[in-house]
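> got a predicted structure here, sequence first:
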Amino acid sequence: MYAITLASAALLFERPALSVSVAAIGVLLGWPFSILTAVPLVIYALSTGNFKRVFWSGAITSIGVMVLSVLTDYYYYGRWTSSVLNLLLYNVAGGGGSHLYGVEGPLFYLRNGFNNFNFALVFALLFFPIMLITKKKDSVPLTVVVSPVYLWLTFMSLQPHKEERFLYPIYPLICLAAASVIERFPDLVQRFQAVYEESILVQVAKVLRPLTLGIILAICHSRTNALLYGYSAPMDVYKHLAGLRNVPNESVLCVGSEWHRFPSSFFLHANVSEVQWINDGFRGLLPIPFNETLGGTASAPSYFNNRNKASDKQYLVDLRTCSFLVELDVKRDHISRGSDSSMWETIFELPFLDKDRSPILYRGFAIPGAWESRNVFGTYRLLKKKPYLSGES
């Protein structure tokens, strides 16, 4: 995302060689599939700039980055390999499959895009026709820079497996496209009405620009608050755990179905020596703790595989070794482990939005007066095992 933003800015400032070099760094060090967002920039830079200079700038940068990448891989993996090539082979040459990680419908990105950008996404998608109508001098390079929005949305929407983070490379370009359309409101009026710059219609169009931007920002603020109010409980729970007093050495934190919201070991109390996964029905591979004595990054358990198949070896068998438990109780048919009051004691809990039982509008945006009354909440808990007792901060 950052590389594409810098590459786009360099192109707009008429520095094509720099644009291609930065794009190459982003693709090779960031995410190889984002090359699709760089293709329009590279083609335009080669065709309008000094071809040899632009070409060699991109080529030398790419070779240098790949050499550094391979050397880094060798240092950490202990063998000659390329993480960039492995990623492409796994996803393109048949190693992986979308069905292994979940699939979504073709409108997934449009729905999520509207949640995050609301009407800015609508304006961004109107960029091309607006450029054709207004026909301003800066339209060509600006159109090249914004074109990855259309390419990326189309390409990613055709892929079965979808995640919101896959749109990150074009997030800044969506903002740029929307801003360009809003800025051209007066030009649209003058295009369809033979009026002067000082006419009332043009002045109204100018006033609509900050008004429209204000509405978009207000809705974005509502969306941000919805995410904070609805889903910030996990981070607060782990921060509370890190602040506990009198936690014995070699304590064990157990996590079940909420494994995917575990932030990292950096958020744990210094006396929590390990995190163990509980089998709560998830049948995919789970991450393992870093262990330098077993080879660190150069080693992997024997049960690791490229089909995302779980192994019983990744789960904790004896729950009596758990000192703490983190879980989400959304009051479904199954009984939560923390409901066993003879074994567990709740020491901290917060509400957590139950998206499956809350209306789309009210869970997607924090609407004053309706957020708590119209949504359904579960409980995110930090529990300690009895008779384990500790002082709390």
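Cool, got the structure. Numbers count the residues shown, from 1 in each chain.
> wait, Ser8 touches Ile170, no?
No: the criterion here is C-beta atoms under 8 Å, and Ser8 misses it with Ile170 at 10.3 Å. All C-beta atoms are positioned from the backbone trio N, CA, C, and that covers glycine.
> excluding chain neighbours, what is closest to Asn271?
Distance criterion C-beta to C-beta, 6 or more residues apart in numbering; nearest residue to Asn271, sequence neighbours excluded, is Val247 at 4.3 Å.
> now do the phi/psi pair for the residue nearest to Gly284 when sequence neighbours are not counted.
Nearest residue to Gly284, sequence neighbours excluded (C-beta to C-beta, 6+ apart): Asn308, at 4.8 Å. Note on Asn308: backbone dihedrals following degrees, to the nearest 10 are phi 60, psi 40.
> what helix or strand is the residue nearest to Asn271 located in?
Val247 belongs to no helix or strand when assigned by DSSP states H and E.
> burial measure for it, as a count.
Val247: 22 surrounding residues under other C-beta atoms under 10 Å.
> going forward, count from 175.
Renumbered: residue one is now 175, and that last one reads Val421.
> does it touch Ser447 like I think?
No: in this structure Val421 lies outside contact range of Ser447 using C-beta under 8 Å: 10.4 Å.
> quick one: the strands in the chain?
For the chain, applying DSSP state E gives strands covering 425-429, 446-451, 498-503, 518-527, 551-559.
> tell me the pLDDT at the residue nearest the centre of the chain?
Closest residue to the average C-alpha location of the chain: Arg339 at 3.0 Å, with C-alpha atoms, centre = their mean. For Arg339, the pLDDT comes out at 92.
> separation between it and Pro346?
Noted for Arg339: a distance of 15 Å to Pro346, by C-beta to C-beta, to the nearest Å.
> do the same with Ser354
Applying C-beta to C-beta, the value for Ser354 to Pro346 is 13 Å.
> for Asp486, same thing?
The gap separating Asp486 from Pro346 is 44 Å, by C-beta to C-beta.
> again, but for Gly287
Gly287 is 14 Å from Pro346, by C-beta to C-beta.
> nearest to Asn399, out of the strands of the chain?
Closest of the strands of the chain to Asn399 is strand 518-527, at 11.9 Å (criterion: C-beta to C-beta).
> show me what that closest one is in contact with.
With C-beta atoms under 8 Å, 6 or more residues apart in numbering as the test, strand 518-527 has contacts from 403-405, 407-408, 410-411, 414-415, 418, 499, 502, 504, 511-512, 537, 549-560, 566.
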